[in-house]
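sequence first, then the predicted structure, then my questions.
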Amino acid sequence: MFFEVKNLNKRYHHHEVIHQLSFSIHKGEILVVLGPSGCGKSTLLSCINGFEKVNGGKIILEQQDITTRLPEERNISTVFQTYSLFPNMTVRQNLSYGLKFKKLSKIDSIKLVNNMISLLQLESIADMSVTEISGGQQQRVALGRSLIVRPKLLLLDEPFSNLDANLRLRLRRELRKIQQQLKMTMIFVTHDQQEAFALGDKILLMNNGELQQLATSPEIYNNPANQFVLSFVGKVNHLGNNHYTRPEEITITSDPGGDGIITQSTFQGPTIDYQVKLHGKPYQVTCLNRGQVFSINERVTISYHEKEL
Ligand SMILES: Nc1ncnc2c1ncn2[C@@H]1O[C@H](COP(=O)(O)OP(=O)(O)OP(=O)(O)O)[C@@H](O)[C@H]1O
């Protein structure tokens, strides 16, 4: 296995933030760490990159135990939410900064910087100060600065959360492409489910410092391991005794004699969200918008398959 975390424990004073966490990653994979605010995602990254000491367990990179190594001796790079670029330098100078410690010839350094500029499409802003470029461009430079030193493992801590929705989407796609081109192994932290589903080869879902499920996006969504996972990813209608159905698994049919009644309707464009009341119980329903729109107070019948945890 390329990278392994075994029985990791981390405490701040007496507060245990990570408890017996174990997982592994293949080379060239993106693992997305997903979980609610405060569940320990950033702390996990800090233990992996060595900014924080662990209280138990092992961290192994390419069969080498790196648990107690200094951050600069781990061959791991981190991209943060705040870009932390050098404000008095140009894009090119920011990119070349990390290479100073690499004992490369000047020509090789220039070549690597130029390659990174073209990989990240930064040609038109390469000689501008980083204070003069947009947030999306700054984040691309921060990514480039981490990639240029060719770490064995790249950690990304909510790198796109300061950017608007469209830019996030674009950078997510670009990151995926670059990751595949460079065959880079990455751990990407987010609390955004859509981002996790779109990016992760695997998703590690955490709560209160404990692993809840480690699986692909479809597995997590379609076969949640427990109640926490079921409720954390997507919407759900709980039917009692660990039975449930997802809103998109319910079909509505217009029926003047039906027992269901439409009580809420939210038009989303490609989909429409309804609340249907049936025998006093509200059901969340998501329908593909195929032209039929149900009205509030319209009588309907609903049908669905129950699933069991
Ligand atoms: N340096 C620290 N000293 C003491 N407690 C800390 C420290 N850093 C984090 N914590 C606590 O550890 C817990 C986990 O924090 P962490 O930042 O890892 O969570 P997170 O999942 O990354 O949250 P978010 O999504 O909000 O960034 C929180 O209860 C936090 O208050």
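On my side now, so go ahead. In this text, all values refer to a predicted model and were calculated from it rather than measured experimentally.

what does the protein have sitting close to the ligand?
Residues of the chain lying near the ligand by CB under 6 Å from any ligand atom: Tyr12, Val17, Gly35, Ser37, Gly38, Cys39, Gly40, Lys41, Ser42, Thr43, His191. C-beta coordinates here come from the backbone N, C-alpha and C atoms, glycine included.

who wins on neighbours among the residues you listed?
Compared across the residues of the chain next to the ligand, Gly35 has the highest neighbour count, 25 neighbours, by other CB atoms under 10 Å.

list the contacts for that one?
Contact partners of Gly35, counting by CB atoms under 8 Å, 6 or more residues apart in numbering, are Lys41, His191, Leu205, Met206, Asn207, Gln212, Phe232.

now the phi/psi pair for the first one, please.
To tie it back to what came earlier, the one meant is Lys41. Backbone torsions of Lys41, given as degrees, to the nearest 10, read phi -60, psi -50.

just the pLDDT for it.
Turning to Lys41, the model gives it a pLDDT of 96.

where does confidence bottom out across the contacts of Gly35?
Minimum pLDDT across these is recorded for His191, with 88.

surely that one touches Gly40?
No - using CB atoms under 8 Å, His191 is not in contact with Gly40; the gap is 11.9 Å.

this structure: helices as residue ranges?
For the chain, applying DSSP state H gives helices covering 41-49, 91-97, 106-119, 135-147, 165-182, 193-199, 217-222, 227-232.

so which of those helices gets nearest Phe80?
Using CB to CB as the criterion, the shortest distance between Phe80 and the helices of the chain is 7.5 Å, found for helix 135-147.

tell me the angle of that closest one relative to helix 165-182?
Orientation note: helix 135-147 sits at an angle of 20 degrees relative to helix 165-182 (axes from the mean of the first three to the mean of the last three CA atoms, to 10 degrees).

can you list contacts of helix 135-147?
Residues from elsewhere that reach helix 135-147, judged by CB under 8 Å, 6+ apart: 77-80, 83-85, 91, 94-95, 97-98, 116-117, 119-122, 125, 130, 133, 154, 159-160, 162-163, 167, 170-171, 174-175, 178, 182, 184.

got the buried residues for that helix?
Of the residues in helix 135-147, those buried under the neighbour-count criterion (16 or more other CB atoms under 10 Å) are Gly136, Gln137, Gln138, Gln139, Arg140, Val141, Ala142, Leu143, Gly144, Arg145, Ser146, Leu147.

from the chain's centroid, how far away is it?
Offset of helix 135-147 from its chain centre (CA atoms, centre = their mean, to the nearest Å): 17 Å.

quick check, Ser265 in contact with Phe294.
Yes - the pair formed by Ser265 and Phe294 meets the contact definition of CB under 8 Å, at 6.6 Å.

list the residues that contact both of these two?
Counting by CB under 8 Å, 6+ apart, the residues touching both Ser265 and Phe294 are Ile272, Tyr274.

relative to helix 106-119, how tilted is the helix or strand of the chain with the lowest mean pLDDT?
Counting by mean pLDDT, DSSP states H and E, the weakest-scoring helix or strand in the chain turns out to be helix 165-182, with a mean of 87. When the same axes, to 10 degrees is applied, the directions of helix 165-182 and helix 106-119 differ by 130 degrees.

nothing else from me, thank you.
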